[in-house]
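> Based on what follows, work out the 3D shape:
(one chain, ligands or ions: 1)
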Amino acid sequence: MSTKPDSVVVVGGGLAGHTAAVTLRSCGFHGRLTLITQEPAAPYDRPPLSKELLSGQALTPTLSPDLADLEVQVHTDTVAVGIRAGEILTTAGRFPFEAALLAPGLKARRLPSGPGAAPARGLRTLADAVGLRTELVAGQRVLIVGAGLIGAEVATAAAAAGCRVSVIGPDLGPALAAVPDAVLAEIRGWYDECGIRLTTGVRVLETTSTGVLLSDSGHRAADVVIAAIGGSPATSWLDASVVALDPAGFITVDEHLCTGLPGVYAAGDAVAWRSSRYGCDMHLEHWHHAADSAHVAARNILGANESYDPLPYFWSHQLGHGLHYIGRHGRADAVEIRTDTRSGRAVTWTRGGRPTAMLAIDAAHLARRARRELEAADRPEMGVAR
Ligand SMILES: Cc1cc2nc3c(=O)[nH]c(=O)nc-3n(C[C@H](O)[C@H](O)[C@H](O)COP(=O)(O)OP(=O)(O)OC[C@H]3O[C@@H](n4cnc5c(N)ncnc54)[C@H](O)[C@@H]3O)c2cc1C
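Numbering: from 1, shown residues only. Predicted coordinates:
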């Protein structure tokens, strides 16, 4: 779109939707701005759900500024069900637009339930977190399916609440897939220190009336089962539309985060793009990506023509430790573990002597330094597949 639009509709009330609306206003967009969200609340932040909120801290994870103060019309409890040229179709009618930003995020993957079994709880929304918090009662046997970042954070909160906690998953999740064995052993030790029983190398097949059924035919008893097994893009409403989705359902966008439909951009967890930095198709499911991509997409709606090709970054607070991961280990040819008991530890991946990624443990300052180094090392690892 070469001229600035008069009206923009944002679909999705998460971080990406909120950031896009704020950016549009801060970049001088004075036209009609509408945000559609299927949730009952105005946009809020998700990382506190598995941390402060689940640990019982009184906290409302609101995102500021309040969109009402920016004259954004927020339509809660409104589900987008389709898109056509110039209009979003929703359960509350049609919303015409000159430009649109699609940011529907992910929906939690569900664990199958066996006959007569209650479904596992999930954690994606504020309502999920508020409901889950009431279940974390001292003495309860809490079983978490999935030992990834969110599984570990939920386990931390449940253990702190005095629950008897087990975590079961095939491994420690994709984020830690390439971490050297010595560091993985250290992370496993954190579970022991928190009194959490960690079982890897086995999958949970389904919930049963008394716990869960395992892939090795075993059974584990539990009072509360929580599925922390990732999410899939909330894009089924686009299936029959002209917006292109990849085979996994992510919205495919070009380097400007445009879907290919004139004036229709997308951002956040639900998008996939071809990264020229890494020479492969990418998607990310992390906070900074949601915010940064929405910022760029909003600016492009207003004609900026900026490219988006980020350095991946995430953080996690789990089991009494802080993890920060920056970059992409990909086809690194060397990995080094640096331990400094005073300033934390870092795992650094390099290729041809140049850094490609770092996992910093209890050392946010090392991750910040690594970010600067990786940004300086232009296009660190071309041609790397995920
Ligand atoms: C519990 C939890 C903890 C996390 N902790 C961390 C962390 O520590 N560090 C980190 O880097 N990242 C973390 N993340 C990830 C981070 O929060 C996400 O990357 C970010 O929220 C993605 O923002 P988004 O706007 O793309 O999607 P979402 O936040 O999922 O927002 C999408 C919104 O769109 C709505 N929507 C979907 N479909 C429709 C539709 N058809 N019509 C209307 N509305 C629709 C959804 O209901 C939702 O409100 C965490 C995520 C969760 C769930």
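
> Neighbours of the closest residue to A363 other than its chain neighbours, how many?
The shortest distance from A363 to any non-neighbouring residue, by C-beta to C-beta, 6 or more residues apart in numbering, is to G344 (2.7 Å). From N, CA and C alone the C-beta is placed, and that goes for glycine too. By other C-beta atoms under 10 Å, the residues close to G344 number 19.

> which residues does G344 contact?
The neighbourhood of G344, defined by C-beta atoms under 8 Å, 6 or more residues apart in numbering, consists of 360-363, 365-366.

> 10 Å instead?
Contact analysis of G344 by C-beta atoms under 10 Å, 6 or more residues apart in numbering lists 321-322, 324, 338, 360-367.

> any idea how far it is from the ligand?
18 Å (C-beta to the nearest ligand atom, to the nearest Å).

> Backbone dihedrals for that residue, both of them.
phi 90, psi -170 (degrees, to the nearest 10).

> re earlier: mark which of the contacts of G344 are buried, thanks.
Buried residues within the contacts of G344, defined by neighbour count using 16 or more other C-beta atoms under 10 Å: 321, 324, 360-361, 363, 366-367.

> I301 is in contact with G28, isn't it?
No - applying C-beta atoms under 10 Å as the test, I301 and G28 come out as separate, 12.0 Å apart.

> Just want to know which of those two has more residues nearby.
When neighbours are counted by other C-beta under 10 Å, I301 and G28 differ, and I301 comes out ahead with 28 against 8.

> Give the bridge partners for the residue lying closest to that one once chain neighbours are set aside, please.
Among residues not flanking I301 along the chain, A99 sits closest, at 4.7 Å (C-beta to C-beta, 6+ apart). When bridges are called by DSSP bridges, A99 pairs up with V8.

> Just confirm A99 contacts A266, I think it does.
No - judged on C-beta under 10 Å, A99 makes no contact with A266 at a distance of 11.8 Å.

> which residue ranges form the helices in the stretch 201-350 of the chain?
Along the stretch 201-350 of the chain, the stretches classed as helices by DSSP state H, counting those that start in this stretch are 287-301.

> pLDDT weak spots in it?
Within the stretch 201-350 of the chain, the ranges that satisfy pLDDT under 70 run 341-342.

> what do you get if the cut-off is 80, keeping everything else the same?
In the predicted model, the stretch 201-350 of the chain carries pLDDT under 80 at residues 331, 339-343.

> Now for A58, how many residues are close by?
The number of residues packed near A58 is 6, by other C-beta under 10 Å.

> Dihedrals phi and psi, it?
Backbone torsions of A58, given as degrees, to the nearest 10, read phi -70, psi 110.

> And the pLDDT for it?
Predicted confidence (pLDDT) for A58: 76.

> A376 now?
A376 is assigned 81 on the pLDDT scale.

> Pull the contacting residues for the nearest residue to G146 once chain neighbours are set aside.
Using C-beta to C-beta, 6+ apart and skipping residues adjacent in sequence, the residue nearest G146 is A228, 3.8 Å away. Residues in contact with A228 (C-beta under 10 Å, 6+ apart) are 50, 108-109, 111, 120-124, 144-155, 167, 169, 173.

> which among those residues end up buried?
The neighbour-count test (16+ other C-beta under 10 Å) marks 50, 108, 111, 120-124, 144-155, 167, 169, 173 as buried among those.

> Please list the residues of this protein that sit near the ligand.
11-17, 36-39, 46-47, 49-50, 79-80, 103-106, 123-124, 150, 234, 237, 268-269, 285-287, 290, 314-316 (C-beta under 6 Å from any ligand atom).

> From G148, how far off is the residue nearest the centre of the chain?
Centroid-nearest residue in the chain: E285, 3.4 Å away (criterion: C-alpha atoms, centre = their mean). Noted for E285: a distance of 10 Å to G148, by C-beta to C-beta, to the nearest Å.

> and what of Q38?
25 Å.

> Spell out which residues sit in contact with whichever residue of the stretch 201-350 of the chain sits closest to the ligand, please.
In the stretch 201-350 of the chain, the residue that lies nearest the ligand is G268 (2.2 Å; C-beta to the nearest ligand atom). With contact set as C-beta under 10 Å, 6+ apart, G268 has these partners: 12, 14-17, 19-20, 101-106, 233, 251, 257, 283-285, 289-294, 297.

> Skipping adjacent residues, who's closest to it in space?
Closest residue to G268 apart from its sequence neighbours, by C-beta to C-beta, 6+ apart: A16 at 3.0 Å.

> quick check: angle from the helix or strand hosting that neighbour to helix 287-301?
If you go by DSSP states H and E, A16 is part of helix 15-26. Helix 15-26 and helix 287-301 are oriented at 40 degrees to each other (axes from the mean of the first three to the mean of the last three C-alpha atoms, to 10 degrees).

> tell me what the helix or strand following helix 15-26 is packed against?
Downstream of helix 15-26, the next assigned helix or strand under DSSP H and E is strand 32-36. With contacts defined as 3 or more C-beta pairs under 10 Å, 6 or more residues apart in numbering; DSSP states H and E, strand 32-36 has these neighbours: strand 7-11, helix 15-26, strand 73-75, strand 87-90, strand 93-96, strand 99-102.

> mind running it again at 6 Å?
strand 7-11, strand 73-75 (3 or more C-beta pairs under 6 Å, 6 or more residues apart in numbering; DSSP states H and E).

> which of those sits most buried?
When you average the neighbours per residue for each of these (mean count of other C-beta atoms under 10 Å), strand 7-11 leads with a mean of 27.

> S209 contacts P115, correct?
No - S209 is beyond contact range of P115, at 8.2 Å (criterion: C-beta atoms under 6 Å).

> between the two, which one's more packed in?
The neighbour comparison of S209 against P115 (other C-beta under 10 Å) goes to S209, with 10 against 7.

> that older thread, could you check the pLDDT of the residue nearest to I301?
A99 carries a pLDDT value of 98.

> Show me the strands in the stretch 201-350 of the chain, by range?
Listed in chain order, the strands found in the stretch 201-350 of the chain under DSSP state E, counting those that start in this stretch are 204-207, 211-214, 219-221, 224-227, 231-233, 251-253, 264-266, 271-275, 280-282, 313-318, 321-327, 334-340, 344-351.
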